[in-house]
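*Asks:* sequence first, then the predicted structure, then my questions.
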Amino acid sequence: MKFTAKHTATLFAATLGLSLAACEGPNENAMEDAGEANAEAVADQAEAMEDAGQITDAQEDAMVDKAEDKADAMEAQGEAMDNGTAAATPAAM
């Protein structure tokens, strides 16, 4: 697997996030977990597609970036839900 600066930063943030997890609410944690799982699945699929020559490296990066952005939005939605500033059902993303 190729690691880009963004992937390294994401791994660092995830590691750092483990130490801060106690400050997060249950919705934020659940949304973050779901978003990260989806982003990982997309990353695996994009890597396989790039390895098979179906897409370019730039397209692979774009797919991963979009999935990571969606994961971040899901986490933010969960935080807003925990803070009572958002509806209990997340908006379509």
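*Replies:* Received it, and whenever you're ready, just let me know what you need. Numbers count the residues shown, from 1 in each chain.

*Asks:* the closest residue to V64 other than its chain neighbours: which element?
*Replies:* Nearest non-adjacent residue to V64, counting by C-beta to C-beta, 6 or more residues apart in numbering: A43, 4.9 Å away. C-beta here means a position set from N, CA and C on the backbone, and glycine is covered the same way. If you go by DSSP states H and E, A43 is part of helix 26-51.

*Asks:* quick one: average pLDDT of that helix?
*Replies:* Average pLDDT, helix 26-51: 96.

*Asks:* now swap in stretch 60-75 and tell me
*Replies:* Confidence for stretch 60-75, expressed as mean pLDDT, is 97.

*Asks:* quick check: buried residues in it?
*Replies:* E60, D61, M63, V64, A67, E68, A71, D72, M74, E75 (16 or more other C-beta atoms under 10 Å).

*Asks:* how about the last one, nearest residue that isn't a chain neighbour?
*Replies:* Leaving out its chain neighbours, the residue that sits closest to E75 by C-beta to C-beta, 6+ apart is E32, at 4.2 Å.

*Asks:* okay, now that neighbour: neighbour count?
*Replies:* 22 (other C-beta atoms under 10 Å).

*Asks:* repeat for the one 3 residues further on
*Replies:* For G35, the count of nearby residues is 23 (other C-beta under 10 Å).

*Asks:* how close does it sit to D82?
*Replies:* Here G35 is placed at a distance of 15 Å from D82 (C-beta to C-beta, to the nearest Å).

*Asks:* with D69 instead?
*Replies:* 21 Å.

*Asks:* name the SS class of the nearest residue to A30 once chain neighbours are set aside, please.
*Replies:* Ranked by C-beta to C-beta, 6+ apart and with sequence neighbours excluded, the top spatial neighbour of A30 is G78, at 6.3 Å. With DSSP: H, G, I helix; E, B strand; the rest coil as the basis, G78 sits in helix.
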